[in-house]
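**Q** curious how this folds, go ahead:
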Amino acid sequence: MPDDLASANVNRTYSLAATSIAIFTFTMVFLYPRYVSGEANAALFQATLVAMAVTTFSYGFSAYHYYGASMRDRFADVERAVLARRGDRFWLLGTALLFLEPSLVLFTIGLYLVGAAWLVLWIVFVIYGARNFPRLQTSNKVD
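**A** A predicted model of the protein is given here:
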């Protein structure tokens, strides 16, 4: 992975992690009162928060690995390729969970039809990603 691409991936991934934290904050502000009052499904609310945590930290780990992949003077090319591929996998996990979160929120507040639509689209995304991701992730060769 070229150094400039790895650096750009670090920046993009940090932005996605920040977005995840913003979504978490928004969810807490609006859903926590419903959770406390019993209006929101407690199990789904907690599952949503766990998904948000895994999303955020997946992006954090992805940025960490992409940063390592950009360090030509510290790591051999083979190690940099491994770091970039791990970064790709963490990024994919974070993105897949980021797209799952809206359906979890919608189910939590009882909007089942809209939540089901989001869930179907998420399943399509996961299938698409599973089929195409192997061709898109960083190769074993570092430029």
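**Q** could you say which helix or strand holds S62?
**A** helix 42-69 (DSSP states H and E).
**Q** what is that helix packed up against?
**A** helix 3-37, helix 77-108 (3 or more CB pairs under 8 Å, 6 or more residues apart in numbering; DSSP states H and E). C-beta here means a position set from N, CA and C on the backbone, and glycine is covered the same way.
**Q** what's the most buried one of those?
**A** Mean neighbours per residue, mean count of other CB atoms under 10 Å, is largest over the helices and strands packed on helix 42-69 for helix 77-108, with a mean of 20.
**Q** buried sites along the helix or strand just after that one?
**A** As assigned by DSSP H and E, the chain's next helix or strand after helix 77-108 is helix 112-136. Buried residues in helix 112-136, counted by 16 or more other CB atoms under 10 Å: 115, 118-119, 122.
**Q** let me know the angle separating the helix holding S62 from helix 77-108.
**A** With axes from the mean of the first three to the mean of the last three CA atoms, to 10 degrees defining the directions, helix 42-69 sits at 160 degrees from helix 77-108.
**Q** got the angle for helix 42-69 vs helix 3-37?
**A** Using the same axes, to 10 degrees, helix 42-69 lies at 160 degrees relative to helix 3-37.
**Q** any low-confidence regions in this protein?
**A** Applying pLDDT under 70 to the chain flags the ranges 1-7, 139-143.
**Q** so who does the most centrally placed residue in it touch?
**A** Residue closest to the average C-alpha location in the chain (CA atoms, centre = their mean): G94, at 1.4 Å. By CB atoms under 8 Å, 6 or more residues apart in numbering, the residues touching G94 are 13, 16-17, 20, 54-56, 58-59, 62.
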